[in-house]
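>>> below is the sequence, then the predicted model.
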Amino acid sequence: MAIAWSEKTSSMEALSLSLSLPPPVILTQDELKKIAAYKAAEFVESGMVLGLGTGSTAKHAVDRIGELLRQGKLNNIIGIPTSKQTQEQATSLGIPLSDLDSHPTIDLAIDGADEVDPHLNLVKGRAGSLLREKMVEGACKKFVCIVDESKLVKHLGGSGLALPIEVVPFCWKFNAGKLRNLFQDSGCVAKLRNECKGRPFVTDNGNYIVELYLKREIGDLQVAGDAILRIAGVVEHGMFLDMATTVIVAGELGITIKNKQ
Ligand SMILES: O=C(CO)[C@H](O)[C@H](O)COP(=O)(O)O
């Protein structure tokens, strides 16, 4: 459902833009991310246990939740962060935090994505937090994904960005080879994600990320995901299949809210 200008205006208010100004013609990608994040914060109610996502879009949502708590518009929130980075941000904002051990059921999680397909399947993990994100978002009653419209793809892998796979560091090249072989029909190239100067990127869990670049569409996503997870030493993959209950897309023409059928 495309939401018209009035809906977009209310998000603009949330961004504290003056209504007396004419609407800006072009919004930056970060402004669109912020609009989606602020809209998602409207789903938050006092007393909720909240999954707090990771990345530049989720960061806006966490900021907004912190602001609403400070203003007394929300209270009694418990946040479950999906990364050390989000944990630090939420702590600095005074959001009370806990974990899945103490709160195995989460009311609502809000997080970004790298790709969203027409069935609301996602690719996540460019910030490297896919394992904790999948654990937290897999434990929530409602998962609201927030994106700007550039993240919409016809099929997963369609943006040309890599599909991230978290692997144990032990013999990662061996596993990168296994992953490449699994997707050889899709023209797969497998590369280790580097932090800088050839130093591997290390996840919050002490693992590496192998990035799969696929030239052709993956057939059955569930079958592909299961095959990836059967490789010993693979910890998790970045496809979030059938997990998002709602996707909020902010674009130049307004906000679109897509709900799982
Ligand atoms: O999955 C993620 C982190 O692991 C992020 O949510 C995803 O990469 C989107 O990031 P951004 O909001 O910065 O575009």
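Happy to help now that I have it. Numbering: from 1, shown residues only.
>>> in stretch 74-84, what's buried?
74, 77-83 (16 or more other CB atoms under 10 Å). Where you see a C-beta, it was placed from the backbone N, CA and C, and this is true even at glycine.
>>> among these, which ones are in helices?
Per DSSP state H, helices hold no members of the buried residues of stretch 74-84.
>>> please identify which pair of those residues lies farthest apart.
Using CB to CB, the buried residues of stretch 74-84 span at most 21.9 Å, a distance reached by 74 and 83.
>>> show me where this structure has its helices.
5-14, 29-41, 56-70, 84-92, 130-137, 172-182, 221-229.
>>> output the ones you listed in a markdown table; the columns should cover distance to residue 193.
Output for those, formatted as a markdown table (distance: least, CB to CB, whole Å):
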| stretch | distance to residue 193 |
| --- | --- |
| helix 5-14 | 33 |
| helix 29-41 | 22 |
| helix 56-70 | 17 |
| helix 84-92 | 16 |
| helix 130-137 | 11 |
| helix 172-182 | 10 |
| helix 221-229 | 16 |
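>>> out of the ones you listed, flag the one nearest the ligand.
helix 56-70 (3.2 Å; CB to the nearest ligand atom).
>>> right, is stretch 72-87 up against the ligand?
No - Stretch 72-87 does not reach the ligand (CB under 6 Å from any ligand atom); its nearest approach is 7.2 Å.
>>> re the thing from before, least reliable of the helices of the chain going by mean pLDDT?
In terms of mean pLDDT, the lowest-scoring of those is helix 5-14 (a mean of 44).
>>> now for residue 226: which residues touch it?
With contact set as CB atoms under 8 Å, 6 or more residues apart in numbering, residue 226 has no partners.
>>> break this structure into its domains for me.
Following automatic domain parsing, the chain resolves into domains at 3-152+242-260, 163-237.
>>> picking that back up, so which of the buried residues of stretch 74-84 belong to strands?
78-81 (DSSP state E).
>>> next one, pLDDT for residue 46 please.
98.
>>> of the domains of the chain, flag the one that's most buried.
domain 3-152+242-260 (a mean of 19; mean count of other CB atoms under 10 Å).
>>> list the contacts for the nearest residue to residue 130 once chain neighbours are set aside?
Once flanking residues are discounted, residue 130 sits nearest to residue 238: 4.6 Å by CB to CB, 6 or more residues apart in numbering. By CB under 8 Å, 6+ apart, residue 238 lies in contact with 114, 123-125, 130, 163-165.
>>> with residue 113 instead?
Taking CB under 8 Å, 6+ apart as the criterion, residue 113 is in contact with 122-124, 145, 147, 151, 240, 244, 247.
>>> with respect to the ligand, which of those residues is nearest?
residue 124 (3.2 Å).
>>> gap between the spatially closest residue to residue 47 that is not a sequence neighbour and residue 111?
Nearest non-adjacent residue to residue 47, counting by CB to CB, 6+ apart: residue 76, 4.7 Å away. According to CB to CB, to the nearest Å, residue 76 stands 22 Å off from residue 111.
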